[in-house]
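S.K.: Provided below are the primary sequence and the corresponding predicted coordinates.
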Amino acid sequence: MMKDHNHDLVHALSEKNDAVWRYEKEYLKNAEGCDSCTQMWRKMRDDDNKHIEMLVAEVKKHASENRFD
C-alpha cells in the first residue's frame with residue numbers, strides 16, 4: 001500500500017489535472033462573452049498548471065530517492 005504522503009501527491013496531481021481539463025474544455029468555452037470570467041478561468045488554469053509542475057517535481061524527487069512507496 002502506498003504511504004499517505006505519496007498518495008496525497010498523486011491525488012492532488014489528479015485533481016489539478018482534472019481541473020485544468022475542465023477549464024480548457026468547458027469553463028472557458030462557457031464563459032465566452034464575459035471577459036472577467038474568461039480572465040478568471042485562465043488565471044486559475046495557469047495557477048493550477050504551476051501547481052501541477054510542483055507536484056510532478058515532488059513525485060519525481062520521491063521516486064529518484066526511492067521514497068515513492
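M.R.: The structure has been received and is ready for your questions.

S.K.: Can you give me the separation between residue 48 and residue 69?
M.R.: Residue 48 sits at a distance of 27 Å from residue 69 (criterion: C-beta to C-beta, to the nearest Å). Glycine gets a C-beta too; all of them are placed from N, C-alpha and C.

S.K.: who has more neighbours, those two?
M.R.: Ranked by neighbour count (other C-beta atoms under 10 Å), residue 48 and residue 69 place residue 48 first, with 18 against 9.

S.K.: Sticking with that one, tell me its helix or strand.
M.R.: helix 35-64 (DSSP states H and E).

S.K.: What of residue 68?
M.R.: Using DSSP H and E, residue 68 sits within no helix or strand.

S.K.: and it, how many residues sit next to it?
M.R.: If we define neighbours as other C-beta under 10 Å, then residue 68 has 17 of them.

S.K.: my guess is it contacts residue 6, does it?
M.R.: Yes. If you go by C-beta atoms under 8 Å, residue 68 and residue 6 touch, sitting 5.6 Å apart.

S.K.: residue farthest from the centroid of the chain?
M.R.: Distance from the centre of the chain peaks at residue 33, with 25.9 Å (C-alpha atoms, centre = their mean).

S.K.: Now do the SS call for it.
M.R.: Under DSSP: H, G, I helix; E, B strand; the rest coil, the three-state class of residue 33 is coil.
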